[in-house]
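Participant: Next input, structure requested:
(one chain, ligands or ions: 2)
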Amino acid sequence: MKITIVYDNETMREGCGADWGFACMVEVEKGPNLLFDTGAKGSMLIDNLQKLGFDPSTLSSIFISHPHGDHTGGLSALLKINKKATVYIPSSCPVPAGAAQVVSVKDHCQIQENVFSTGELENMEQALVVKSKEGLVLITGCSHPGVRAILKAAEVYGKPYALLGGLHGFREVELLEDLKLVCPCHCTQHKGKIKASHPEKFTECGVGKVIEI
Ligand SMILES: [Zn+2]
Ligand SMILES: [Zn+2]
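Facilitator: Numbering: from 1, shown residues only. Ligands and ions are numbered 1, 2, ... in the order given. Presented below is the predicted three-dimensional model:
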């Protein structure tokens, strides 16, 4: 599988914009590509997607982690040029206008082959779980329910291998012990502490970053 960061507070690719928010493309061996979150500004999201080689009008699935503007802000612009995407929202999230189909997620569920949701945690946020050949890859928006709760909710799908996304105020670095790859993005406040405690697992995040597992 392959993850490409398309929206983040930092950029690693010349010509791509950086802005407070998060989005990444998730490509799996079987099944269509999926966009995780949509950043804050539609114009920047669409521009970055195109510069990184993705056609926003042909995306078939959009997964929304939680209803904060830095994760949902690009959605309406995207749906104006994409009339066929299915949007997966946590059940507390307002239903977006203009989507071909909306799936409101409350509990654990399958999105497509090898791709799952943790279900809505703390009545606000869901994380994406991808079964890869190495183990589970967990992708988070802001981790508002806490990394501990997200890891716990993902347990039903197997053994976690990687954690990527916004980790907010997370500092319980001992929870990362069994993971092989950690890529803190976006709102993560303690990147330095995470890097210092697990330098061999730490991966820098920024727009244009590609992680293949
Ligand atoms: Zn955020
Ligand atoms: Zn948030």
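
Participant: When you work out contacts or count neighbours from here on, use the C-alpha atoms and nothing else.
Facilitator: OK.

Participant: list the contacts for residue 128?
Facilitator: Under the criterion of Cα atoms under 8 Å, 6 or more residues apart in numbering, the contact partners of residue 128 comprise 65, 115-118, 138-140.

Participant: Would you reformat those as a markdown table and include neighbour count and secondary structure?
Facilitator: A markdown table is the format used below for the contacts of residue 128 (neighbours: other Cα atoms under 10 Å; DSSP: H, G, I helix; E, B strand; the rest coil):
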| residue | neighbour count | secondary structure |
| --- | --- | --- |
| 65 | 29 | coil |
| 115 | 20 | strand |
| 116 | 19 | strand |
| 117 | 27 | strand |
| 118 | 26 | coil |
| 138 | 23 | strand |
| 139 | 26 | strand |
| 140 | 27 | strand |
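
Participant: which residues are contacting the longest helix anywhere in the chain?
Facilitator: For the chain, the longest helix by residue count, based on DSSP state H, is helix 42-51. By Cα under 8 Å, 6+ apart, the list of residues contacting helix 42-51 from outside reads 6-7, 15-17, 38-39, 55-56, 73-78, 207.

Participant: Just the ones of the residues you listed in helices?
Facilitator: With helices identified by DSSP H, the entries of these that belong to them are 75-78.

Participant: By neighbour count, which of those wins?
Facilitator: residue 75 (25 neighbours; other Cα atoms under 10 Å).

Participant: Give me the buried entries from the contacts of helix 42-51.
Facilitator: With neighbours counted by 16 or more other Cα atoms under 10 Å, those contain buried members at 6-7, 16-17, 38-39, 56, 73-78, 207.

Participant: Which one of those is nearest to residue 102?
Facilitator: Comparing the buried ones among the contacts of helix 42-51 against residue 102 with Cα to Cα places residue 75 closest, at 12.5 Å.

Participant: JSON lines for the contacts of residue 128, including pLDDT and distance to residue 106?
Facilitator: Below are the contacts of residue 128 laid out as JSON lines (pLDDT from 0 to 100; distance: Cα to Cα, whole Å):
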{"residue": "65", "pLDDT": "98", "distance to residue 106": "12"}
{"residue": "115", "pLDDT": "98", "distance to residue 106": "16"}
{"residue": "116", "pLDDT": "98", "distance to residue 106": "12"}
{"residue": "117", "pLDDT": "98", "distance to residue 106": "9"}
{"residue": "118", "pLDDT": "98", "distance to residue 106": "9"}
{"residue": "138", "pLDDT": "98", "distance to residue 106": "18"}
{"residue": "139", "pLDDT": "98", "distance to residue 106": "17"}
{"residue": "140", "pLDDT": "98", "distance to residue 106": "16"}
